[in-house]
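Visitor: Could you look at this predicted model? Sequence included:
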Amino acid sequence: MADGNGATGVSPRRKIHPGSGRRKAPAFSKGRQLEPAAREEVRELLGARPRDRDLLIEHLHLIQDRYRRLSAAHLQALADEMALPMAEVYEVASFYAHFDIVLDGEPEPAEITIRVCDSLSCAMAGAEALLAELPGRLGSKVRVLRAPCMGRCDTAPVAEVGHRHVTRATTESLAAALGGDLHPEIPAYQDLAAYRAEGGYAILADCLEGRLTVERAIETLSDSGLRGLGGAGFPTGRKWSLVRAEAKPRYLAVNADEGEPGTFKDRHYLERRPQQFLEGTLIAAWAVEADAVYIYLRDEYPGVREVLLAEIAAVEAAGLASHTKLHLRRGAGAYICGEESAMIESIEGKRGLPRHRPPYVAQLGIFGRPTLVNNVETLYWIPEILSKGAAWFAEQGKNGAKGLRSYSVSGRVKEPGVKLTPAGVTVRELIEDYCGGMLDGHEFKAYLPGGASGGILPARLGDIPLDFGTLEAHGCFIGSHAVVILSDQDDMKAAARNLMRFFEDESCGQCTPCRNGTEKAVKLMAAETWDAGLLEELATTMRDASICGLGQAAPNPLSSVLKFFPEDLR
């Protein structure tokens with residue numbers, strides 16, 4: 001695997017929010033006059049939309065989509081229109097990677113932006129070569145940026161041209177894409193009519209009409225063994241019961257922000273059967289009596305956003321969501337918002353900073369109310385489990401595990417992709433039985449069982465069942481079931497550096513152990529010879545003292561290499 005560090009003149013992929021000490025805050029002059037033209041432009045864009053505080057990020061997207069950047073004049077006009085301090089609008093806009101702030105006197109952004117994913121699977125497939133070649137090939141009218149995982153790891157390397165993704169990208173295919181349609185590609189999917197024709201929404205009808213009680217639904221999900229499939233693995237039935245025990249009003253937040261490098265299973269289901277996911281969502285809202293549902297979708301999935309906008313409108317028009325209100329919220333490029341409390345902060349229109357806990361979001365979530373948080377795949381399985389019964393799902397597992405699992409597999413295999421298998425499958429079985437074996441000329445060396453944060457295991461530990469609780473003894477975990485396969489042609493030090501750079505870039509900056517720890521680790525790991533003792537001491541500090549799971553899990557790949565791959569350190 002190539003291990004480039006970006007010394008190509010390519011722009012960094014991320015701005016750092018104010019307060020981190022890495023980007024100087026703008027010097028807005030006292031008493032700056034609101035520009036009438038900017039005010040009218042913002043008012044026209046917002047139209048009849050509410051000016052509520054929680055819609056700040058949505059309104060920032062409206063401005064950037066129209067003007068390709070956020071000017072100081074537009075930020076001030078938006079602050080005035082929403083009755084917010086200018087500093088608050090700026091701090092939110094500057095926190096998220098996908099917002100381009102252009103202050104007075106700064107050059108306008110290029111006409112077209114190409115984002116090239118440099119996360120591990122794409123780096124293994126040649127992303128660094130693309131980043132080195134593209135600026136000279138495309139000219140000054142095209143801006144080339146590094147970007148974190150885009151959720152298309154099975155088709156690496158991946159780049160986004162405007163809002164259109166190019167998979168298995170080459171310099172030639174990206175140059176050709178500049179002359180084509182730069183809008184997102186809309187996938188072929190099963191719409192509401194087709195889903196209802198096969199019996200869809202029958203279970204929701206049973207729920208709403210009293211044929212299925214909440215207690216029976218929770219019991220069925222508990223007996224099935226369904227757990228949170230976004231990473232934490234918390235039992236779904238139990239989570240529903242905990243939220244139901246809290247006072248009303250209650251909300252439901254759907255985590256569709258799968259930013260973990262190597263993960264793309266939620267996109268797989270949203271692009272194919274969005275209505276099954278929506279039925280599961282509406283059943284969950286019924287079960288906890290949620291007044292509103294907030295679906296938080298990562299901005300890297302623009303095609304999925306168009307699908308959900310259309311299908312949510314269809315569901316509402318059909319009267320299927322009369323018991324709640326569906327809201328689709330758009331992320332803006334921040335991995336940290338996959339953490340549930342940071343996601344809730346973003347839903348409220350704020351910076352995605354994780355909250356201190358307790359209290360937990362089940363008690364104090366969106367707008368300070370009890371909130372159920374489920375991820376896409378968890379909700380996707382609910383209609384099938386309630387229709388076919390707990391035993392149908394539970395009996396699918398093997399090696400002591402329960403249920404079905406969707407593994408996102410990428411890296412050095414012949415047939416990467418989302419693999420639906422019994423829970424508890426091993427990585428060797430994934431490679432040989434589901435992925436067509438290793439690429440020709442590659443020998444299985446190592447694997448990431450749970451994406452960037454799940455650690456790295458050697459091939460000799462390739463017969464461990466891949467499930468919750470089976471990998472922790474080795475310092476790893478299954479997380480979101482993102483499996484990246486490495487071979488004898490990959491440098492484990494380079495892989496660990498790639499992953500640590502990702503965490504350094506995506507740290508929200510709130511806590512010192514994570515903010516400074518990831519930065520220091522990257523510098524130490526750049527040395528030809530690693531200081532193992534110092535790195536382990538740093539890793540321990542990050543695990544023990546970081547506020548949220550990002551900083552706590554960031555050292556896992558580093559520690560794995562120190563433990564399992566000493567030969568790569570020589």
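Guide: Nice, thanks for sending it over.

Visitor: hey, where'd the strands end up in the stretch 351-500 of the chain?
Guide: In the stretch 351-500 of the chain, the strands defined using DSSP state E, counting those that start in this stretch lie at 371-375, 404-411, 417-422, 444-448, 457-458, 482-487.

Visitor: before we move on, what about the stretch 51-200 of the chain?
Guide: 70-71, 101-102, 112-117, 142-147, 159-161, 164-166.

Visitor: Out of the ones you listed, which is closest to Lys563?
Guide: Smallest distance to Lys563 across the strands of the stretch 51-200 of the chain (Cβ to Cβ): 28.1 Å, for strand 112-117. For glycine as for every other residue, the C-beta is placed from the backbone atoms N, C-alpha and C.

Visitor: name the helices or strands packed onto that closest one?
Guide: helix 127-138, strand 142-147, strand 159-161 (3 or more Cβ pairs under 8 Å, 6 or more residues apart in numbering; DSSP states H and E).

Visitor: mind putting those in CSV, mean pLDDT included?
Guide: Formatted as CSV, the helices and strands packed on strand 112-117 follow (pLDDT from 0 to 100):
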stretch, mean pLDDT
helix 127-138, 95
strand 142-147, 95
strand 159-161, 97
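
Visitor: so what's the nearest residue to Asp440 once chain neighbours are set aside up against?
Guide: Of all residues not flanking Asp440 in the chain, Lys414 sits nearest, at 7.9 Å (Cβ to Cβ, 6 or more residues apart in numbering). Shown in contact with Lys414 (Cβ atoms under 8 Å, 6 or more residues apart in numbering): Cys435, Gly436, Gly437, Met438, Leu439, Asp440.

Visitor: from what I can see the first one touches Val413, true?
Guide: Looking back up the chat, that one is Cys435. Yes. Between Cys435 and Val413 there is a contact under Cβ atoms under 8 Å: 3.9 Å.

Visitor: Identify the contacts common to those two.
Guide: Joint contacts of Cys435 and Val413 (Cβ under 8 Å, 6+ apart) are Ile485.

Visitor: rewinding a little: present the strands of the stretch 351-500 of the chain as JSON lines; the columns should include mean pLDDT.
Guide: Shown next, in JSON lines, are those (pLDDT from 0 to 100):
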{"stretch": "strand 371-375", "mean pLDDT": "98"}
{"stretch": "strand 404-411", "mean pLDDT": "97"}
{"stretch": "strand 417-422", "mean pLDDT": "98"}
{"stretch": "strand 444-448", "mean pLDDT": "98"}
{"stretch": "strand 457-458", "mean pLDDT": "98"}
{"stretch": "strand 482-487", "mean pLDDT": "98"}
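
Visitor: Just read off the phi/psi values of the nearest residue to Leu297 once chain neighbours are set aside.
Guide: Closest residue in space to Leu297, ignoring its immediate chain neighbours: Ala256 at 4.4 Å, by Cβ to Cβ, 6+ apart. The phi/psi pair for Ala256 (degrees, to the nearest 10) reads phi -110, psi 30.

Visitor: From Glu300, how far out is Ala256?
Guide: 11 Å (Cβ to Cβ, to the nearest Å).

Visitor: Can you give me the pLDDT of the residue nearest to Leu297?
Guide: For Ala256, the pLDDT comes out at 98.

Visitor: part of a helix, is Trp240?
Guide: Yes. Trp240: assigned to a helix according to DSSP: H, G, I helix; E, B strand; the rest coil.

Visitor: thinking again about what came up before, turn the helices and strands packed on strand 112-117 into CSV, including distance to Ser241.
Guide: Converted to CSV, these look like this (distance: least, Cβ to Cβ, whole Å):
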stretch, distance to Ser241
helix 127-138, 45
strand 142-147, 40
strand 159-161, 41
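
Visitor: for the ones you listed, which one ends up most surrounded?
Guide: Among the helices and strands packed on strand 112-117, strand 159-161 has the highest mean neighbour count (mean count of other Cβ atoms under 10 Å), at a mean of 25.

Visitor: for that one, packing partners?
Guide: Against strand 159-161 (3+ Cβ pairs under 8 Å, 6+ apart) you get strand 112-117, strand 164-166, helix 171-177.

Visitor: contact partners of it?
Guide: 112, 114-117, 130, 147, 150, 165-166, 169, 174, 177-178, 182, 300.

Visitor: Counting neighbours, which of those comes out on top?
Guide: Ranked by neighbour count (other Cβ atoms under 10 Å), the contacts of strand 159-161 have Cys117 at the top, with 30 neighbours.

Visitor: dump the residue contacts of that one.
Guide: With contact set as Cβ under 8 Å, 6+ apart, Cys117 has these partners: Ala127, Ala147, Pro148, Cys149, Met150, Arg152, Ala156, Pro157, Val158, Ala159.

Visitor: again with Val483
Guide: 262, 407-411, 427, 430, 447-450, 466.

Visitor: any chance of the residues you listed in a markdown table, plus distance to Gly368 and neighbour count?
Guide: Output for the contacts of Val483, formatted as a markdown table (distance: Cβ to Cβ, whole Å; neighbours: other Cβ atoms under 10 Å):
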| residue | distance to Gly368 | neighbour count |
| --- | --- | --- |
| Gly262 | 34 | 31 |
| Tyr407 | 37 | 25 |
| Ser408 | 34 | 27 |
| Val409 | 40 | 28 |
| Ser410 | 39 | 29 |
| Gly411 | 43 | 29 |
| Val427 | 43 | 25 |
| Leu430 | 43 | 20 |
| Tyr447 | 42 | 27 |
| Leu448 | 37 | 31 |
| Pro449 | 37 | 27 |
| Gly450 | 32 | 27 |
| Leu466 | 38 | 25 |
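
Visitor: circling back to that earlier point, of the contacts of strand 159-161, just say which sits nearest to Leu457.
Guide: Nearest to Leu457 among the contacts of strand 159-161, with distances taken as Cβ to Cβ, is Cys117, at 23.7 Å.

Visitor: The closest one and Ala156, how far apart?
Guide: In terms of Cβ to Cβ, Cys117 sits 7 Å off from Ala156.

Visitor: which one is Arg497 nearest to, not counting chain neighbours?
Guide: Met525 (4.9 Å).

Visitor: That neighbour: neighbour count?
Guide: There are 21 residues near Met525, going by other Cβ under 10 Å.

Visitor: Just confirm it contacts Ala496, I think it does.
Guide: Yes. If you go by Cβ under 8 Å, Met525 and Ala496 touch, sitting 6.5 Å apart.

Visitor: any residues in contact with both of the two?
Guide: What both Met525 and Ala496 touch, as defined by Cβ under 8 Å, 6+ apart, is the set Leu558.

Visitor: give the contact list for Leu448.
Guide: Leu448 touches Leu120, Gly262, Gly454, Gly455, Ile456, Leu457, Ala482, Val483, Val484, Leu486, Pro557, counting by Cβ under 8 Å, 6+ apart.

Visitor: so where's the stretch 351-500 of the chain uncertain?
Guide: In the prediction, the stretch 351-500 of the chain carries no residues with pLDDT under 70.

Visitor: What segments of it are helices?
Guide: 376-388, 390-394, 427-429, 492-506 (DSSP state H, counting those that start in this stretch).

Visitor: Just want the angle from the longest one to strand 482-487.
Guide: Note on geometry: by axes from the mean of the first three to the mean of the last three Cα atoms, to 10 degrees, helix 492-506 and strand 482-487 are set 150 degrees apart in direction.

Visitor: And the contacts of helix 492-506?
Guide: Against helix 492-506 from outside (Cβ under 8 Å, 6+ apart): 1-3, 5, 13-14, 118-120, 123, 148-149, 259, 261, 334-336, 446, 452-453, 456, 486, 514, 518-519, 521-522, 525-526, 530, 550-551, 554, 557-558, 560-561, 565, 568-569.

Visitor: Quick check: helices, which of these are part of them?
Guide: The members of the contacts of helix 492-506 that map onto helices under DSSP state H are 120, 123, 514, 518-519, 521-522, 525, 550-551, 557-558, 560-561.
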